[in-house]
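>>> Sequence and computational prediction follow.
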Amino acid sequence: MKSRISIPIAAVTVCAALAIPAGVAAQQHQQGQNNRHPQYQLIDLGTLGGPHSYGSVNGDGFSLLNNAGVVASYADTSLPDPNQAYFCYSPDCYQGHAFQWTEGVMTDLGALPVDNNSAAGSINARGWITGQSQSDQIDPVLGFPEFRGVLWKQGQIINLGTLGTGTESLGVYVDDAGEVVGFSTTSTAPDPLGFFGFPTHTFIWRNGQESDIGTLGGADTFPGASCGGQPTGVVVGGSSISTAINPATGLPTVDPFVWTRGSMTDLGTLGGAYGFAQCANKRGQIIGHSSTAGNPGACVGEGGGQGCHAFVWSDGVMTDLGTLGGDAAEAIWLNEAGDIVGSADFAGGQLHDAVFWRHGVMYDLGTVPGDPCSRGRGLNASGQVVGGSSDCHNFLHAFLWEKGGPMVDLNTLIQPGTGYQLTNAFNINDRGEILAKAAPLGFIPNDDADLGHVVLLVPCGIGKCDDSQLQVPGTQPGRSAPFYPDPNWLTTDSHPGMFNPLRNPFEERYRILNQRPAPHD
């Protein structure tokens, strides 16, 4: 499930020779034989009364699980979507609300008046949560409820507002100092790159004040992700450098940037007309992806985009992280040690594996046996990697990779008899707790609909490995809604009233309005 400005993929027998020297591969194998992995207690976080709970509304690279074990995301309520005449916020047309889960209790965080849809996109170490909510204002151009970036803090919802005469905004992440990074439209003038087709700028919200960080010369700036904890006062992302249309992309040229306390620096690209910075660490390292001189296009599509390569930028130098022999790679998560996780294509662009970069060396993490593809999605301070192993279209098995490998199917590390299939994992905190998606055994995969339940895996030793917190698929205490209806009903024309916004790289990245990219993992 590559819900970003993204990548496609390539062949397993070639991977060891292309990705790692033979000595390193052998060392990995030997280490893997001696690994002993913890067992995990599976805790179903449930829903707010409806069928499903969802992963990140902002795509990959965001913390929905902090080091205290508190989770933020969004889930179906038992009510129908009040705005389904315009479009459905969630794939199943239930109303969705942001939630916080802590110590077995799920709290509905609500939405702005009048009780519309909302979703959490990021949580910080204090438990502050940012994301998005529909408001009671109707967009005068688009004709549906306006979106607002919001902050949930100490039980209250704060409307972050918009910039200039803009009508739409989103909260993207909140750092540990309490500063919210988001973006807002600045007017309703037509713009081919901006959010909903309007000029869009990144903002920082602190202590009730919203500050526009500007652009590199064009009309638009979008922020990257938070990964394990973006440094305060530092923002990275992508910005247009002019309003002129670049024939290579059909859009204005976009370069990755870093903004530090009032000064924005253009990081350049790997030779193409598009680049985007994903996140930074406190050592000044920045990861992202860029089109290349040979493939200068816009990086729109699976996993970064055909021809786009992952990069790391440090001390003014951008380094291409390479691929597994194919045309594309993506970097999703960066930790303070400089470790990077993502995925890379093999030759031919049909298959891809999760990869791990350390000290400039790429390690192919392989797949769960029997699966042709995989993708790394989360990383902690210890270098533990989580993600999903797939059929190259839908995730099938959540995985853990640690201590040199090999990759382990997380379904083999949970208590038996749960009735669940863990399909993919997207966060792992520094205590080793893992946030993942699960569905009943025999489910029909449909990643683009993001159906199922969010579950927390707690290593035995932090929590008890017993069945006290396990719920049987199909039921929830106090709930009557079914757990997992057959997703085959969901098609792109299931709801004739669904709004289909102008698609661009950034709307694809932030998964706006349940409009998913074409099926992929």
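Received the coordinates, thanks.
>>> Show me the shaky parts of the protein.
1-35, 298, 300-306, 462-464, 466-521 (pLDDT under 70).
>>> and Asp327, how far is that from Gln350?
11 Å (C-beta to C-beta, to the nearest Å). C-beta coordinates here come from the backbone N, C-alpha and C atoms, glycine included.
>>> neighbour count winner among the two?
For Asp327 and Gln350, the more surrounded residue by other C-beta atoms under 10 Å is Asp327, and the numbers stand at 23 against 15.
>>> If we ignore the residues flanking it in sequence, what's nearest that one?
Using C-beta to C-beta, 6 or more residues apart in numbering and skipping the chain neighbours, the partner closest in space to Asp327 is Gly307 (5.0 Å).
>>> For the one you found, which residues are in contact?
272, 291-292, 294-297, 299, 327-328 (C-beta atoms under 8 Å, 6 or more residues apart in numbering).
>>> go again using 7 Å as the cut-off
291-292, 294-295, 297, 327-328 (C-beta atoms under 7 Å, 6 or more residues apart in numbering).
>>> mind putting the residues you listed in a markdown table, secondary structure and distance to Asp76 included?
Shown next, in a markdown table, are the contacts of Gly307 (DSSP: H, G, I helix; E, B strand; the rest coil; distance: C-beta to C-beta, whole Å):
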| residue | secondary structure | distance to Asp76 |
| --- | --- | --- |
| Ser291 | strand | 38 |
| Thr292 | strand | 41 |
| Gly294 | coil | 45 |
| Asn295 | coil | 40 |
| Gly297 | coil | 37 |
| Asp327 | strand | 38 |
| Ala328 | strand | 34 |
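>>> Show me which of those are buried.
291-292, 295, 297, 327-328 (16 or more other C-beta atoms under 10 Å).
>>> Let's have those in a markdown table, adding distance to Asp371.
Shown next, in a markdown table, are these (distance: C-beta to C-beta, whole Å):
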| residue | distance to Asp371 |
| --- | --- |
| Ser291 | 29 |
| Thr292 | 29 |
| Asn295 | 27 |
| Gly297 | 29 |
| Asp327 | 22 |
| Ala328 | 19 |
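>>> tell me which of those residues is nearest to Asp345?
Ala328 (4.7 Å; C-beta to C-beta).
>>> from memory that closest one sits against Ala310, does it?
No: in this structure Ala328 lies outside contact range of Ala310 using C-beta atoms under 7 Å: 8.6 Å.
>>> Report how many residues lie close to Gly155.
9.
>>> That one and Phe147: what is the separation?
Distance from Gly155 to Phe147, by C-beta to C-beta: 22 Å.
>>> Asn429 now?
Counting by C-beta to C-beta - Asn429 and Phe147 are separated by 29 Å.
>>> So for these two, which residue has more residues nearby?
Set side by side, Asn429 and Phe147 give different neighbour counts by other C-beta under 10 Å, the larger being at Phe147 (29 against 21).
>>> Spatially, and excluding backbone neighbours, which residue is closest to that one.
Per C-beta to C-beta, 6+ apart, closest to Phe147 is Glu168, 4.9 Å.
>>> Am I right that that neighbour is in contact with Glu146?
Yes: look at Glu168 against Glu146 with C-beta under 7 Å: they come within range, at 5.8 Å.
>>> for Gly55, what are its contacts?
73, 426, 437, 450, 454.
>>> er, Lys437 actually
55, 423-424, 452, 454.
>>> and with 10 Å instead?
1, 52-55, 388, 395, 398, 420-426, 447, 450-455 (C-beta atoms under 10 Å, 6 or more residues apart in numbering).
>>> Inside strands: which ones of those?
Mapping these onto strands (DSSP state E) picks out 52-54, 388, 395, 398, 420-426, 453-455.
>>> In this protein, what residue spans correspond to helices?
Counting by DSSP state H, the segments of the chain that form helices are 15-19, 22-34, 505-509.
>>> partners of Glu210 in the sheet?
Following DSSP bridges, Glu210 is listed with bridge partners Trp205.
>>> That one touches Gly182, doesn't it?
Yes: assessed by C-beta atoms under 10 Å, Glu210 is found in contact with Gly182 at 8.6 Å.
>>> okay, and the common contacts of the two?
149, 160-163, 169, 203-204.
>>> Now restrict these to buried residues only.
149, 160-163, 169, 203-204.
>>> Strands - which of those land there?
Going by DSSP E, the strands hold 149, 169, 203-204 from those.
>>> who are the neighbours in contact with Ser56?
3, 62-64, 72-74, 119-122, 131, 225, 377, 426-427, 435, 450, 454, 510-511.
>>> Asp220 too?
183, 185-186, 191-195, 198-202, 238-240, 243, 251-252, 254, 504, 506.
>>> quick one: it from Leu413, how far?
With C-beta to C-beta as the criterion, Asp220 and Leu413 are 44 Å apart.
>>> go on, Pro192?
From Pro192 to Leu413 the distance is 47 Å (C-beta to C-beta).
>>> who's more crowded, those two?
Leu413 (19 against 15).
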